[in-house]
Every structure is written in structure tokens, then in C-alpha cells.
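1. Coordinates for the following, if possible.
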Amino acid sequence: MAERVYGKVDSTPGVVTLKRNVPPSQVIFVVGTDDTESGGHGHKSSDSFIRRVDILLKKKTVENIDLKSTDEITVFVPPTMDKSNIDKLKKYGSGIPNYTVLAKKATGLVQFVNSKITVRFLIFFGHGIDDAPIYDYGNELFPKPSRFKKEAFVSDARVYFSTCNSMRYAKKFAQTLKVETIGVEGTTFYGETEISAGRITEDAQPGTSMGWVYKPTDTDAVSESSWSLSQRRGTAFLREQ
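-> Take a look at the predicted model:
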């Protein structure tokens, strides 16, 4: 099939400029599974992670995630995700055009992202360790940054790893993919309406975790800055300035 182009008349009479058919922007939510076996890291509410998607879709809080009616929104979950939570995710997007929930292994996530060229948000909710966010708890980590293609992301894309201990992985992601990436130093607290600070180290006081922003530069290095995630004196994770 021939590529479609659109004609647009400019200010000069009789002059037509052609604009290539650009696919819609992609917003990708990735929701990891909770710890349901050991109980040591499990959340009190079984829908703690998936509920963040609903909060952003319904704009229940003031966030930096600017969703547009023209976005294609895809929610990725591991195939082991509880069916009731998958059903809730589908219900969250009821009435929203171009909204899809996919249950696939991490390889499927990589293939999906790499098939796009207009990803402007990639947002992860779930558990994490120093090595990487946890895609499927006890089974599979989030894919290495090197498995994704730079070409999938638009120039002003943002990637959020809303999980404990994600700062090192976020920095590597920014360096590898040349995309602004945000992570956490310490643990996270998933509250009713926002994600805020846990403990920056095991022995630290609650409310001490930090958020980190890594921005690509013209070299292999990244610029970095941090802010407090404290509920009392800081700024919630997805509201970072």
C-alpha cells in the first residue's frame, strides 16, 4: 500500500506542501506483578500498582503526564497477572479510544516498543531491585536498556520507573536510549493518590527517598538532578519539576 501524504496550503497562493503520514503518539504503561508468595514485599492492596493507571487516565491528581485524546495508550502486564486485575485495567480504559491491555512476557514488550517510532511516555509501576525493575515478580526482570531501539522514542519522550531502587537502571536507560529517564533512590510508598518517599536506606527514616532525573547530552554522559519525595517537604514522584 502506498504511503499516504496530506496536502497543506501555505500562505503563498497555489503552493501545496506535503506532510508525511505520522503515526499517533504512543503512551505505554507497564505494570509489574506484586509479591504474592513470600509476603515480605507484597502490598496490602492487590491492585496497588494497576490503580496508578486509573489515576492517570482519570486525571485524579495533578501529574506531569499530559495525556492527549489522540494518543494510542497501551498497558502491558505479565501473562501471570491475576485475571481480575487485567479485567480492572480493561475497565479503566472503557470509553477511551485507542486503549489496549496486553498480557505478554518481557520479550513481547520489547518487540512492541521497537515496532514504534512515536513513543512519548513509557511508565513502569511495580517492584524493583538495584539491577532493574521487576516485570514479573519472582520470574522476570524488566528488559535491559540495550534491547530497546533509540528510534522508538520521540525527541522529548520521558520514561518513568516508579519503583524502589530504580535510579541506576534509569541512568543506564537514559545513557543507552538518549531519552530523559526518571528513577528513585531508596524505596517508594504507593499512597492512595500519589507515589512518595519510603526510606533511602534500610536504616534511614521514612520519607527520605529521592527522585532522580537523567537527561541525555551530546556525549555519552547524562546530566542529572534530584529532588525530595517526602510527603511533607518534597514533591510526589510523577509531579517532579
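2. alpha carbons only for contacts and neighbour counts from here, please
-> Fine.
3. worst-scoring helix or strand of this structure, pLDDT-wise?
-> Least confident element among the helices and strands of the chain, by mean pLDDT, DSSP states H and E: strand 5-9 (a mean of 37).
4. List the neighbouring strands of the longest strand seen in the chain plus their orientation.
-> With DSSP state E applied, the strand covering the greatest number of residues in the chain is identified as strand 153-162. For strand 153-162, the paired strands and their directions (DSSP bridges) read strand 119-125 (parallel), strand 180-185 (parallel).
5. now those strands in JSON lines, with mean pLDDT?
-> Putting those into JSON lines (pLDDT from 0 to 100) gives the following:
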{"stretch": "strand 119-125", "mean pLDDT": "97"}
{"stretch": "strand 180-185", "mean pLDDT": "96"}
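6. Single out the most deeply packed of these.
-> The densest packing among those, expressed as mean neighbour count by mean count of other Cα atoms under 10 Å, is seen in strand 180-185 with a mean of 27.
7. ok, and what's touching whichever helix or strand comes after that strand?
-> Stepping forward along the backbone from strand 180-185, the first helix or strand reached (DSSP states H and E) is strand 188-190. Applying Cα atoms under 8 Å, 6 or more residues apart in numbering, the contact partners of strand 188-190 are 48-49, 162-164, 195-199, 209.
8. Stretch 141-154 now?
-> Contact partners of stretch 141-154, identified using Cα under 8 Å, 6+ apart, comprise 106-107, 110, 113-120, 132-135, 172-173, 176-179.
9. Mind checking which of those residues land in helices?
-> 106-107, 110, 113-114, 172-173, 176-177 (DSSP state H).
10. I'd like to know which of these are buried.
-> Neighbour counting with 16 or more other Cα atoms under 10 Å marks 106, 110, 113-114, 172-173, 176-177 as buried within those.
11. which residues of this structure fall in helices?
-> For the chain, applying DSSP H gives helices covering 51-57, 83-92, 106-114, 167-177.
12. what helices or strands is the last one leaning on?
-> What it means is helix 167-177. Where contact means 3 or more Cα pairs under 8 Å, 6 or more residues apart in numbering; DSSP states H and E, helix 167-177 is packed against strand 180-185, strand 210-216, strand 222-228.
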